[in-house]
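# Mind looking at a prediction? Sequence and model below.
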Amino acid sequence: MTVRELRPPQRARRLARPVAVGVALVAFVVLALFAFGTYDEWATVHRGVRHLKPYLVALQCLAIAALWFAWPWLVRRLTRWPDDARAALLAARHRICAGLIVIELVVVLGVPFSLF
């Protein structure tokens, strides 16, 4: 039996650095705004996010819909997984996407709490 080294996929390695730079940049901007006490900019950022929120929610819902449509193709690409595991993933497609939509409604939109 031979042991092969597990390496992360090429795409994950290519995306790791830009994502880390983006997170670091956002953290730097937040810390700079907080350190200099520029509370007017916080209000401006809050207004901007509030105006963008419907578009961002629509984008997230489109991403969930794309996941739902691409689910069978993604599961077929898991060639090293056993057939019963892939069948279970195919069966869980609706539950997982419904759970993502519920999380979107409760956490992002605050649906049951915003009605009060």
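That came in fine, so what should we check first? Numbering: from 1, shown residues only.

# ok, and for stretch 97-109, which residues are buried?
For stretch 97-109, the neighbour count (16 or more other C-beta atoms under 10 Å) marks 97, 100, 104 as buried. For the C-beta atoms, the positions are set from N, CA and C on the backbone; glycine is no exception.

# Would you map the helices across the protein?
10-35, 39-76, 83-91, 93-103, 111-114 (DSSP state H).

# now the ones you listed in CSV, with mean pLDDT?
Shown next, in CSV, are those (pLDDT from 0 to 100):
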stretch, mean pLDDT
helix 10-35, 79
helix 39-76, 87
helix 83-91, 91
helix 93-103, 93
helix 111-114, 78
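
# List just the nearest of the buried residues of stretch 97-109 to residue 56.
Among these, residue 104 lies closest to residue 56 (C-beta to C-beta), at 10.5 Å.

# Not counting residues beside it along the chain, what's closest to the spatially most central residue of the chain?
In the chain, the residue lying closest to the centroid (C-alpha atoms, centre = their mean) is residue 60, at 8.0 Å. Take residue 60 and drop its neighbours on the chain: the residue closest to it by C-beta to C-beta, 6 or more residues apart in numbering is residue 104, 5.9 Å away.
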